[in-house]
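Colleague: pasting the structure only:
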């Protein structure tokens, strides 16, 4: 039986559903009126248990939360720390591979690390400037 959502927990869920971004618990707390830190953390834990939201563990950053929407991958930029959603569902592929070993997979979360387009463009510009300075 699913846990009943309190008014505060519904507010947390509505905030994450309304935002198409990844928020830390502190950012969620700052956007909610009259919410205590303990309430926000309890709400996040409950919503995660019910699979209404997901956590994303970032490289060197805090845990961020997002509403559980369509399956997708995350790409985290190693330079700026931005998190990007890549619309791609790998669930069937992973389920098929796991089934070969007798496993049952019901959810897949994949995180890729690299350099985002903006940071890559800045690197190219910086490299070009350095080359021009040398000449």
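Modeller: Noted; the coordinates are in hand. Since this is a predicted model, take the numbers as computed values, not measurements. Residues are numbered from 1 along each chain as shown.

Colleague: Quick one: mean pLDDT over the helix or strand where residue 47 lies.
Modeller: Following DSSP states H and E, one finds residue 47 within helix 37-49. Averaging pLDDT along helix 37-49 gives 95.

Colleague: Buried residues, it. List them.
Modeller: Buried residues in helix 37-49, counted by 16 or more other Cβ atoms under 10 Å: 39, 40, 43, 44, 46, 47. (C-beta placed from N, C-alpha, C; glycine too.)

Colleague: Was I right to think residue 57 contacts residue 110?
Modeller: No. Judged on Cβ atoms under 8 Å, residue 57 makes no contact with residue 110 at a distance of 12.0 Å.

Colleague: sorry, back to before: just put the buried residues of helix 37-49 in a markdown table and tack on distance to residue 7.
Modeller: Output for the buried residues of helix 37-49, formatted as a markdown table (distance: Cβ to Cβ, whole Å):
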| residue | distance to residue 7 |
| --- | --- |
| 39 | 10 |
| 40 | 13 |
| 43 | 10 |
| 44 | 15 |
| 46 | 13 |
| 47 | 14 |
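
Colleague: immediately after the helix holding residue 47, which helix or strand?
Modeller: From helix 37-49, the next helix or strand downstream (DSSP H and E) is strand 53-56.

Colleague: Let me know the average pLDDT across that following strand.
Modeller: Strand 53-56 carries an average pLDDT of 92.
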